[in-house]
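In: Structure here, sequence nowhere to be found:
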């Protein structure tokens with residue numbers, strides 16, 4: 001595989017790419033021994049998008065992606081991606097922004113799971129620092145189950161500065177902190193918001209925390225002290241989505 005290509009695995013990721021960015025797919029390898037409905041559906045999408053499908057045996061799939069849980073589907077896609085800026089996303093919205101910010105996630109499985117949650121709740125983008133963060137590895141893309149292809153993943157050089165720029169556009173910045181005196185369910189916030197979750201174990205960095213408009217904690221009623229970052233993301237974003245309903249954006253007072 002050339003340096004300009006990367007692999008995506010499985011039905012969810014490949015179908016999402018076919019639906020949202022078929023021009024980036026170079027070819028799809030499928031297990032020649034599979035003839036079930038999922039394979040037929042994928043082949044129909046590929047034919048509609050004029051993407052070449054290559055039936056190969058299981059040994060060839062294993063050679064292409066050793067150790068990968070590919071479900072019998074591997075796609076080669078263009079690795080050169082147009083840089084997406086936050087303004088590119090915000091300028092196209094006709095509703096209040098709903099964003100997820102990840103401050104230094106190191107585990108690709110956590111990143112993939114967070115992307116999956118962001119897609120499920122209808123978040124408009126996921127923002128993360130370029131440095132001291134895992135980035136979109138093949139593992140993260142696989143765990144995301146297609147969400148890496150549907151939710152814009154925006155990397156920024158200076159996270160605190162990007163948060164300040166969001167604030168200038170009327171977006172309320174909410175950070176999660178175990179020590180915050182206000183819990184998630186009693187806190188109030190406007191519809192236009194960005195949720196900031198910190199790295200595994202360390203939480204939010206000091207400057208990130210200080211840049212937030214508001215800090216909230218997730219109630220912990222059992223013996224464990226904290227939640228996995230992807231679980232915490234799900235708790236916060238689904239509570240935010242529950243409150244949005246059909247309400248217009250409001251002020252934070």
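Out: Looks like it arrived, so ask away. The structure presented is a predicted model; accordingly, all values stated were derived computationally and were not measured.
In: show me the contacts for the nearest residue to residue 137 once chain neighbours are set aside.
Out: The shortest distance from residue 137 to any non-neighbouring residue, by C-beta to C-beta, 6 or more residues apart in numbering, is to residue 108 (4.6 Å). Glycine gets a C-beta too; all of them are placed from N, C-alpha and C. Residues counted as contacts of residue 108 (C-beta atoms under 8 Å, 6 or more residues apart in numbering) are 134, 137, 139-140, 143.
In: and if you look at residue 11?
Out: By C-beta under 8 Å, 6+ apart, the residues touching residue 11 are 38, 42, 71, 73.
In: Would you verify that it is located in a helix?
Out: Yes: assessed by DSSP: H, G, I helix; E, B strand; the rest coil, residue 11 belongs to a helix.
In: so the spatially most central residue of the chain is in which element?
Out: In the chain, the centroid-proximal residue (C-alpha atoms, centre = their mean) is residue 115; its distance is 2.1 Å. Using DSSP states H and E, residue 115 maps to helix 108-121.
In: if we can go back for a sec, my read: the residue nearest to the centre of the chain touches residue 154, true?
Out: No: here residue 115 does not reach residue 154: they are 11.9 Å apart, not a contact under C-beta atoms under 8 Å.
In: between the two, what contacts are shared?
Out: By the contact definition C-beta under 8 Å, 6+ apart, residue 115 and residue 154 are jointly contacted by residue 126.
In: on that earlier part again, just the buried residues of the contacts of residue 11.
Out: By neighbour count, with 16 or more other C-beta atoms under 10 Å, those hold 42, 71, 73 as buried.
In: and residue 179, how many neighbours?
Out: Residues near residue 179, counting by other C-beta atoms under 10 Å, number 8.
In: residues near the nearest residue to it once chain neighbours are set aside, how many?
Out: Of all residues not flanking residue 179 in the chain, residue 217 sits nearest, at 7.0 Å (C-beta to C-beta, 6+ apart). Residue 217 is flanked by 16 other residues according to other C-beta under 10 Å.
In: Would you mind listing where the stretch 151-253 of the chain has pLDDT under the threshold?
Out: Residues of the stretch 151-253 of the chain meeting the criterion pLDDT under 70: 246-253.
In: Do a quick rundown of the helices in the stretch 51-200 of the chain.
Out: Remark: helices assigned in the stretch 51-200 of the chain by DSSP state H, counting those that start in this stretch are 58-64, 86-90, 108-121, 138-144, 159-168.
In: returning to what we had before: export the contacts of residue 11 as TSV, with columns for distance to residue 52 and pLDDT.
Out: Below are those laid out as TSV (distance: C-beta to C-beta, whole Å; pLDDT from 0 to 100):
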residue	distance to residue 52	pLDDT
38	19	92
42	13	95
71	19	90
73	14	95
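In: Report the two of those residues separated the most.
Out: Greatest spatial distance in these: 42 and 71, 10.2 Å, computed using C-beta to C-beta.
In: and the residue lying closest to residue 72 once chain neighbours are set aside, what does it touch?
Out: Of all residues not flanking residue 72 in the chain, residue 31 sits nearest, at 3.3 Å (C-beta to C-beta, 6+ apart). Residues in contact with residue 31 (C-beta under 8 Å, 6+ apart) are 39, 55-58, 61, 72-73.
In: just the buried members of these?
Out: Buried subset of these (neighbour count, 16+ other C-beta under 10 Å): 39, 56, 61, 72-73.
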